[in-house]
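In: got a structure for you, letters missing:
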């Protein structure tokens, strides 16, 4: 009986080791860049405005800080699933901004705006 238990335990051990090996070997290699830190800003930390004009729509996003920041990017999401991202530029002292222009009216379709700060070490 102890031989059966030992054999069963050995087979379980081999199965677990085999499963770990399969998972490790089949996982895509994704380089982990520990020199970059991403920080999603809270909605209270930035501002945005959407305006529908006769011929186009404009979403303006701006972030005001006098602190040293890494690169900033802003993203929009529409309820239709459409989305986009753009880098924010330093417009003047302490103000970073970007705009998205659309040919159709989209202000009622804005689901969310996100600003991401990227620090490189």
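Out: It's in. All of these numbers come straight from a predicted model, not from anything done at the bench.

In: so what touches the longest strand along the chain?
Out: Longest strand in the chain by number of residues, with DSSP state E as the criterion: strand 110-120. Here strand 110-120 makes contact (Cβ atoms under 8 Å, 6 or more residues apart in numbering) with 35-41, 43, 45-46, 48, 50, 59, 61, 63, 69-79, 88. For every residue, glycine as well, the C-beta is placed using N, CA and C.

In: swap the cut-off to 7 Å and go again
Out: With Cβ atoms under 7 Å, 6 or more residues apart in numbering as the test, strand 110-120 has contacts from 35-41, 46, 48, 50, 59, 61, 63, 69-79.

In: whichever strand or helix holds residue 75 to strand 110-120, inter-axis angle?
Out: Taking DSSP states H and E as the criterion, residue 75 maps to strand 71-78. Interaxial angle of strand 71-78 relative to strand 110-120 (axes from the mean of the first three to the mean of the last three Cα atoms, to 10 degrees): 160 degrees.

In: buried sites along strand 71-78?
Out: Using 16 or more other Cβ atoms under 10 Å as the test for burial, strand 71-78 gives 72-76, 78.

In: what helices or strands is it leaning on?
Out: strand 57-64, strand 83-87, strand 95-102, strand 110-120 (3 or more Cβ pairs under 7 Å, 6 or more residues apart in numbering; DSSP states H and E).
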